[in-house]
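Asker: Would you be able to build a 3D model of this:
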Amino acid sequence: MAQLDLQKKLAILSDAARYDASCASSGTTRRDSTKGGLGSTEGSGICHSYAPDGRCISLLKILMTNFCIYDCAYCINRVSSNVQRARFTPDEVVQLTIEFYRRNYIEGLFLSSGVIQNPDKTMEDMVEIARRLRQDEGFKGYIHLKTIPDADQALIDQAGLYADRLSINVELPTDRAVQAYAPEKSPATIRRAMGKVSDKRAAQKDRSYRGKRPTKFAPAGQSTQMIVGADQSTDATILGQSTSLYQGYKLRRVYYSAFSPIPDATAKLPLVKPPLIREHRLYQADWLLRFYGFDVGEITAARSDGNLDLEIDPKLAWALQNRALFPVDVNTTSREMLLRVPGFGTKTVGRILQTRRQRTLRYEDLLRLGASVKKAQPFITALGWTPGAMTDAANLRARYAPPPEQLTLL
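Answerer: Sure, this is the predicted structure:
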């Protein structure tokens with residue numbers, strides 16, 4: 001095979017990395033180079049990710065290689081796929097990261113890889129890249145490593161010493177789907193590796209008898225990625241699995257990646273291509289589960305098939321199904337119920353609670369507090385506002401659902 005130059009490798013392996021859900025660098029420890037070294041985990045900064053607080057974070061997001069010994073039916077880089085292959089050496093990844101950072105293109109590195117030779121060899125090279133960036137180059141920016149669950153645990157433990165965040169992909173929503181479409185991978189092995197990372201992170205909270213904490217391990221936490229749409233799992237199944245993962249492994253995030261059928265894989269996979277809007281709705285539902293007090297049964301009850309409504313967001317779908325609970329008075333109702341009002345986010349609810357201790361809220365005040373009052377109107381009362389018959393109007397859903405579009409024939 002002809003040798004590829006660095007620029008060509010970068011084009012191939014950055015494009016191949018787009019299938020890995022990107023993870024922002026929020027939640028890690030503060031490090032900066034004011035006292036020596038290079039880089040920082042703070043400030044503004046070729047891939048753009050968004051932190052939960054809204055900051056835009058630039059990451060060099062690449063695969064170390066798109067060669068892979070596995071033949072997962074849903075993966076474009078599987079061994080039987082006819083794609084152009086490339087491979088970075090550890091030297092090249094270190095060089096690219098440092099040069100991109102010096103030019104202020106990036107704030108950190110997001111590194112994943114196909115499995116070459118064997119899991120241990122691949123993981124060893126990824127750990128070496130992170131080690132060299134930290135120890136040899138003094139790099140103090142953000143590093144996220146997608147680890148390989150089949151690799152020796154000692155290598156994963158080393159990765160956590162250099163990376164801010166580790167992630168291990170659960171691949172698909174159910175064990176049955178993994179066995180059907182990625183038979184070379186073991187759900188039990190994946191969960192065992194995730195559990196050990198979780199245990200390692202928990203152990204760093206324990207001080208020694210002298211009060212000294214152990215070395216930091218993956219301070220930005222652990223995350224995972226789940227491909228949705230490659231099998232027939234419902235949104236209820238997907239969100240139920242996510243809830244179990246959050247609870248069992250103290251994950252920072254579950255990332256959902258909409259499956260796009262690959263031409264030569266259709267013989268192995270059902271011809272299902274969910275729109276990206278399904279991925280978006282799953283993220284919205286995930287947010288409601290973690291921060292708004294909802295459970296999976298409530299979020300997925302709007303439809304009989306266990307899937308989310310693609311036309312309206314999950315909170316609005318729940319409110320429309322539970323109109324008997326509305327309208328609520330923003331001046332007296334509980335925090336838990338305010339969080340269930342469409343158009344109210346956690347920050348808005350916090351401001352409402354703080355302000356109403358001082359005075360009675362008017363409808364106009366909600367605008368100043370950041371509420372999406374157009375969406376909230378049918379579900380609230382305030383001084384100077386009542387929705388009247390709007391809450392029970394037969395056409396209420398139609399006010400929020402997008403208008404029908406003429407599909408193209410081309």
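
Asker: Now stretch 5-17 - C-alpha only, PDB.
Answerer: Extracted in PDB, the C-alpha atoms of stretch 5-17 (Å, rounded to 0.1, in the frame of the first residue of the first chain):
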ATOM      1  CA  ASP A   5       1.400  11.800   4.100                       C
ATOM      2  CA  LEU A   6       0.300  13.300   7.400                       C
ATOM      3  CA  GLN A   7      -2.300  15.600   5.800                       C
ATOM      4  CA  LYS A   8      -4.000  12.700   3.900                       C
ATOM      5  CA  LYS A   9      -4.000  10.600   7.100                       C
ATOM      6  CA  LEU A  10      -5.600  13.400   9.000                       C
ATOM      7  CA  ALA A  11      -8.300  13.800   6.300                       C
ATOM      8  CA  ILE A  12      -9.200  10.100   6.500                       C
ATOM      9  CA  LEU A  13      -9.000   9.600  10.200                       C
ATOM     10  CA  SER A  14     -10.800  12.800  11.200                       C
ATOM     11  CA  ASP A  15     -13.600  11.900   8.800                       C
ATOM     12  CA  ALA A  16     -13.800   8.300  10.300                       C
ATOM     13  CA  ALA A  17     -14.000   9.700  13.800                       C
END
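
Asker: in that stretch, what's buried?
Answerer: Within stretch 5-17, the residues that count as buried by 16 or more other Cβ atoms under 10 Å are 9-10, 12-17. Quick note: C-beta positions are derived from backbone N, CA and C, even for glycine.

Asker: One more: stretch 393-404?
Answerer: Under the neighbour-count criterion of 16+ other Cβ under 10 Å, stretch 393-404 has 396, 400 buried.

Asker: what sits up against that stretch?
Answerer: Stretch 393-404 is contacted by residues 311-312, 316, 320, 375, 378, 390 when judged by Cβ atoms under 8 Å, 6 or more residues apart in numbering.

Asker: Quick one: the strands in the stretch 301-410 of the chain, in order.
Answerer: Assigned by DSSP state E, counting those that start in this stretch, the stretch 301-410 of the chain shows strands spanning 328-329, 380-381.

Asker: show me where the stretch 151-300 of the chain has strands.
Answerer: Remark: strands assigned in the stretch 151-300 of the chain by DSSP E, counting those that start in this stretch are 165-167, 222-228, 253-258.

Asker: Alpha carbons only: can I get the strand or helix carrying D120 in CSV?
Answerer: Element membership of D120 [criterion: DSSP states H and E] is helix 119-131. Coordinates of each C-alpha in helix 119-131 appear next as CSV, following Å, rounded to 0.1, in the frame of the first residue of the first chain:
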residue,chain,number,x,y,z
PRO,A,119,-6.8,-5.0,22.0
ASP,A,120,-3.7,-4.8,24.2
LYS,A,121,-1.5,-3.4,21.4
THR,A,122,-4.0,-0.8,20.4
MET,A,123,-4.6,0.3,24.0
GLU,A,124,-0.8,0.4,24.7
ASP,A,125,-0.3,2.8,21.8
MET,A,126,-3.2,5.1,23.0
VAL,A,127,-1.8,5.2,26.5
GLU,A,128,1.7,6.0,25.2
ILE,A,129,0.2,8.9,23.3
ALA,A,130,-1.5,10.3,26.4
ARG,A,131,1.6,9.7,28.5
